[in-house]
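Undergrad: turn this into a model:
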Amino acid sequence: MSLETDEIKTRLNIVDLIGEYVQLQKAGSSWKARCPFHNEKTPSFTVSEEKQFWHCFGCGKGGDAFAFLMEIEGLEFREVLENLAERTGVTLPKYQGEKSSVDGNKLREILELATKFYEKQLWEGSGKKKILKYLQERGLNEETIREFRLGYAPDGWRNILDFLKERGYDVKDILKTGLIIEKDGRTKHYDRFRDRIIFPICDVQGRVMGYSARVAPGGDETQAKYVNTPETEIYHKGNVLYGIDKAKLEIKEKDEVLLVEGNMDVIASYQAGIKNTVAVSGTALTTEQLKLIGRYTDNIKMFFDMDEAGQKASKKSSELAFENEMNVSVVKITEGKDAADAVKENPETFLSAVQEALPAMEYFLQQELLKRSKNNIVDKKKIIGELSGLINSFSNKIEKEYWIKELADRLDVSEEILFDTFNNLNKNNFQETPNKSVENGVLKNEVFGQDRLKNIQLEIMGLVLANSELWKEVAEKKQDEIKKYFSNQKIVDVILNKGIEMNFNFERLLEILEDENQKKFLREQCFDNLEKEKDATIDDKRLELEQYFIELKRENKREATKKIIEQIKEAEKKGDKKEVEKLAQELMKISGQHF
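TA: Next comes the predicted model:
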């Protein structure tokens, strides 16, 4: 697919694309804006029209046009590819998963038509009086009902089946959507949703992929209150968040999400003005749902039902969020059982409760202290036991240590005892993990050795990455010096091996790198140099580069000399005359070298 992506990039101006989302201002050879991915007052988001990529020096995110659209819209690569191909008029070839894609498109087509059928039944059919009245009594206005495309599945066994068959759809395809149920060994089929209020569930692009269907008021209450679409080719309930299509941009803008339990909670909150609201859809919160939230924010305000089951779910969900390094707050209300009831009772009170949400650990600690006495040893042990799951869920050690200290202070227990207690409860959580920022980065300070050497190497790297002509010259003429004097082999690999492989094209280099830390670092070096050298000619840069190589050799000589002098002192302490003589010869040899 690389030919097509290259063609798209050729036809697309990244400044035009990003300019649709943020207000860009010219700044030298680049464009700048306040970053759309984090809050900032001073613009640190930079776009290079020449290089056709972007980078934020504040949050470290960056990439090409594809990366921007994936980040801002929360889309997968294939979805962005199709979007930009349509925008630029590039025809995409079929790929190996094309059959699956075609099937998925057919299922979405069927579901879209079914949604329109259910909507019509609500507004013009048998649901017009009974169901609309119920929804309005629940506090929803007409605009909201239409925006969320609520509908009604009339009573009867073959309403949607016959409707779709009459329009030419095959039963086997209708079956794949989950709209109908198979009976008697594939010979009979009937509607899954009968006399139910329909809540369409959409993906991040707003395409219907399934339904949650509530029993109609006055309907058969012996049946399940809610019936959901089963797992299908395009619907996987553990990956779905109800309302994400409408909430995603608001979540990104506010940098937080309100996570609730039910569909009505989402709709009522949205109508009340809290448009960054989503719900788990017929399942406990999953890691995949957290990853979906993580596309837009790391901050979750959680409001589950105030009954015992809802509070347990809130606690378990908080533990999972802590494991994934999300920041969680809990909303507490005194009126109403759920968000929909709370909004109906008093919208302003609910809005205040959301704004005043407590950090999850603080919330659950307060709840435990209300139920039990910290002065009673039995209660004290129970409090610690109840909070142990939350404490041990923190993957961030700073947060974990903070809350252990806080708990020790509140319970009048020594920190050491609490650390031991939690260590015994979950030893694995206290095992030392590698320092990923050092392990994965090309290029934290530690891997360079001395600061002076590090800075020289960074200046050389920035110059070559920002100038393909200089990059090629360095790879061809300075190979020996790069290999000899650069202390970090990953930098050597980037400048020499990957440079040659990618024909000294920086954008192509970023495409083949998988490590996000490396990409971030390299973008920063390139942008730094583009800004510093914007008025310099290529000859100026060539002379500057040559001077850096001279300084690099001198600095390496200085470091080598310093090292040998230290070794001579050590040998003299030990009385090792032979070693002193040998080192002295090495020192003379180094001192005689000219740079």
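Undergrad: just how off-centre is whatever helix or strand E143 lives in within its chain?
TA: Element membership of E143 [criterion: DSSP states H and E] is helix 142-147. In terms of Cα atoms, centre = their mean, to the nearest Å, the centre of helix 142-147 is set 30 Å apart from its chain centre.
Undergrad: do stretch 382-394 as well
TA: With Cα atoms, centre = their mean, you get 27 Å for stretch 382-394.
Undergrad: which residues are in contact with that stretch?
TA: 315, 318-320, 322-323, 360-361, 364-365, 368-369, 372, 374, 400, 403-404, 407, 411, 413, 418, 421-422, 425-426, 429 (Cβ atoms under 8 Å, 6 or more residues apart in numbering). Yep, even glycine has a C-beta here, placed from its N, CA and C like the rest.
Undergrad: just the buried residues of those residues.
TA: The neighbour count (16 or more other Cβ atoms under 10 Å) marks 315, 318-320, 322-323, 360-361, 364-365, 368, 372, 400, 403-404, 407, 411, 413, 418, 421-422, 429 as buried among these.
Undergrad: look at P36 and give its secondary structure.
TA: Judged by DSSP: H, G, I helix; E, B strand; the rest coil, the three-state class of P36 is coil.
Undergrad: just confirm A272 contacts A353, I think it does.
TA: No: the pair A272 / A353 is not scored as a contact, 11.3 Å apart, by Cβ atoms under 8 Å.
Undergrad: helices of the stretch 1-150 of the chain, start to end?
TA: For the stretch 1-150 of the chain, helices defined by DSSP state H, counting those that start in this stretch occupy the ranges 2-11, 14-19, 65-73, 77-88, 98-123, 130-137, 142-147.
Undergrad: can you redo those as TSV with distance to I197, mean pLDDT and mean neighbour count?
TA: Below are the helices of the stretch 1-150 of the chain laid out as TSV (distance: least, Cβ to Cβ, whole Å; pLDDT from 0 to 100; neighbours: other Cβ atoms under 10 Å):
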stretch	distance to I197	mean pLDDT	mean neighbour count
helix 2-11	43	82	15
helix 14-19	40	91	17
helix 65-73	30	87	21
helix 77-88	30	84	16
helix 98-123	8	84	17
helix 130-137	6	92	16
helix 142-147	10	96	14
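Undergrad: which one of these lies nearest to P200?
TA: helix 98-123 (5.1 Å; Cβ to Cβ).
Undergrad: got the angle for the closest one vs helix 130-137?
TA: 90 degrees (axes from the mean of the first three to the mean of the last three Cα atoms, to 10 degrees).
Undergrad: and helix 98-123, how far from the chain's centre?
TA: Relative to its parent chain, helix 98-123 has a centroid offset of 29 Å by Cα atoms, centre = their mean.
Undergrad: go on, stretch 302-315?
TA: So, by Cα atoms, centre = their mean, the centroid of stretch 302-315 is 25 Å from its chain's centroid.
Undergrad: now swap in stretch 366-374 and tell me
TA: On Cα atoms, centre = their mean, the centre of stretch 366-374 falls 35 Å from the chain's centre.
Undergrad: quick one: contacts of it?
TA: For stretch 366-374, using Cβ under 8 Å, 6+ apart, the contacting residues are 311, 358, 379-380, 382-383, 386-387, 410-412.
Undergrad: which of those residues fall in strands?
TA: The strands, defined by DSSP state E, take in L358 from these.
Undergrad: I198 pairs with what?
TA: Under DSSP bridges, the beta-bridge partners of I198 are G151, A213.
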